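> Give me the fold of what follows.
(2 chains)
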Amino acid sequence: MTTRRRSLGTGLLAFALCALVFSSAGLFSQEPPKAPAGKPAVEAVKGEVHPAPMSPKERSRVTVFLAWTWLTLGVLLYLLTLKIREADRVYRTGLFRTTEAEKEPPKH
Amino acid sequence: MKKIRAWIYDRLGVAELSKFGMKKEVPLHSHTIWYYTGSSILLFMGIQVVTGVMLAFYYNPTIKDANASVARIMTEIPLGWIIRSIHSWSATFMIAIVIIHLLSIAFTKAYRAPREATWMTGVLLMIASLAFGFTGYLLPWDDLSLAATKVGTDIPKSIPVVGAWVTSLLRGGEDVTGDTISRFFIVHVCVLPLAIFAILGVHLFLVQRHGMSVPLKAGHRPEKNDFLPFWPNFILRESGVWLVLFGVLLTTAIVLAPSLGPAADLMAPAPAGIKPEWYFLFMFQTLKLFPSRILGLNGELAAVAVMTVGFLLVFLLPLLDNRPAERKGRTITYAVYAAFLYTIALTVWSLL
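Sure thing, here's the model as predicted:
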């Protein structure tokens, strides 16, 4: 497999993972409170509003979303380490190194 | 496709930017890790802007609707509770990293010449970040936010001559009312962002102008080419840090989403256990420590005077310690340690 194909493949994989994270996000929006007929669902708040989805179904969706997010981040971090190694290798070869005349003196 | 790319590159000067990034070098030494804190602040600021705009679509800054609109964001709007939680937690993360960034500069003496103005703009950015926190705290308009804002806006009252006027200016009247919400909202979404972007522009220009400081005893060996090109090597590493921070922020925001209290009642007595956000706790505790009269002076005024002098000393630190970079400046290091320990101790005391 050529380098170009490999990078295209990993890029597509990262994109697919990110896209799935965003598409799954819509699945676990909090269920709105049921309002009696003729009354708005939310008006003046009497008690404390739950900070996050509380039903077991919603909670499990949140857990799946978080797991998926960290999986995506893991893949992206792995790809980044490959890119960093490559960039460091290119730097060590000195292909793009600035000349001594261009370089500023070290500052304290 | 190639033609479009060439056109964009030519018009935006991408080649020159890339050349600048490759020419710019980041020193590699035992304290390089602190260089990542600056860019992390930018990450959280970006998240604040994006989530803040999303919240502003649904938020109503009026006494009648403020609390109900936040409740609607949390219960009806798809993903509203996550966006609100991310906004709240990224503010906390940003201020924590701003403090770490400032401490790292203070301990490594990076504020010394020629970077005095960089430090001063940094302190102004920290004050602006704290102002963001203070104005944003009132916006949900629940019991706790009303009481904390009353306490906070009451503090300037103790200042002679102008105190009452400052309090009235902050509140938009004698007391905290609906006018205060709209005033705080405008300051939070308009005045402060304009101020912070202007100061940030100057700060970033100064960072580019003077380069990154290398602390003494950092083990930096310029003769052995201990540098990293800013582009792409350093940026790629920063991206990794950003990804991890984003993951931590998202997890925290989901697991520890903030709740919303009942709508504030202007006639109700202040609830028990009023506390401001964690970054104001040391000031809150300092105020409580002072007796009502001290040396014939109003205790609150004395506390305000002491804290103002403290902030002025921090702001003017580069002018107070204007020795050459080679000098260690142990007195300043001990003073920074003492201030840091004082802040931590009083924050913990206030939490207990």
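
> what's the residue closest to the geometric middle of chain B?
residue B:129 (3.1 Å; Cα atoms, centre = their mean).

> pretty sure it is touching residue B:95, no?
Yes. Counting by Cβ atoms under 8 Å, residue B:129 touches residue B:95, with 5.4 Å between them. C-beta here means a position set from N, CA and C on the backbone, and glycine is covered the same way.

> pLDDT score for residue B:284?
Predicted confidence (pLDDT) for residue B:284: 89.

> if we can go back for a sec, give the buried residues for the helix or strand the residue nearest to the centre of chain B falls within.
Using DSSP states H and E, residue B:129 maps to helix B:116-138. Residues B:116-138 are the ones in helix B:116-138 that count as buried (16 or more other Cβ atoms under 10 Å in any protein chain shown).

> likewise stretch B:21-39?
For stretch B:21-39, using 16+ other Cβ under 10 Å, the buried residues are B:22-29, B:31-32, B:34-39.

> I'd like the mean pLDDT over that stretch, please.
Here the average pLDDT along stretch B:21-39 is 86.

> can you give me the end-to-end distance of it?
15 Å (Cα to Cα, to the nearest Å).

> Now residue B:257: phi and psi?
phi -70, psi 140 (degrees, to the nearest 10).

> pretty sure it contacts residue B:86?
No. Residue B:257 is beyond contact range of residue B:86, at 9.2 Å (criterion: Cβ under 8 Å).

> out of those two, which sits in the busier spot?
More crowded of residue B:257 and residue B:86, by other Cβ atoms under 10 Å in any protein chain shown: residue B:86, with 25 against 20.

> isn't there a helix covering the more buried one?
Yes. Counting by DSSP: H, G, I helix; E, B strand; the rest coil, residue B:86 is located in a helix.

> And the strands in the stretch 151-300 of chain B, which stretches?
B:227-229, B:293-294, B:297-298 (DSSP state E, counting those that start in this stretch).

> now the second one: mean pLDDT?
Right, the one you point to is strand B:293-294. The model assigns strand B:293-294 a mean pLDDT of 82.

> Please name every helix or strand in contact with it.
Helices and strands touching strand B:293-294, by 3 or more Cβ pairs under 8 Å, 6 or more residues apart in numbering or on different chains; DSSP states H and E: there are none.

> Strand partners (parallel or antiparallel) of it?
strand B:297-298 (antiparallel) (DSSP bridges).

> Show me the contact partners of the strand it pairs with.
When contacts are defined by Cβ atoms under 8 Å, 6 or more residues apart in numbering or on different chains, strand B:297-298 is touched by residues B:158, B:292.

> if you set the cut-off to 10 Å instead, what comes out?
Here strand B:297-298 makes contact (Cβ atoms under 10 Å, 6 or more residues apart in numbering or on different chains) with B:157-160, B:290, B:292, B:303-305.

> Could you single out the most deeply buried of the strands of the stretch 151-300 of chain B?
Highest mean neighbour count among these (mean count of other Cβ atoms under 10 Å in any protein chain shown): strand B:227-229, with a mean of 21.

> so what strands line up beside it?
For strand B:227-229, pairing defined by DSSP bridges yields strand B:25-27 (antiparallel).

> Which SSE is immediately downstream of the strand it pairs with?
With elements assigned by DSSP H and E, the helix or strand that comes after strand B:25-27 is helix B:35-56.

> Could you identify the helix or strand that succeeds that following helix?
Following helix B:35-56 in sequence, per DSSP H and E, is helix B:66-75.

> tell me the angle of that next one relative to helix B:35-56?
Comparing the axes of helix B:66-75 and helix B:35-56 via axes from the mean of the first three to the mean of the last three Cα atoms, to 10 degrees yields an angle of 110 degrees.
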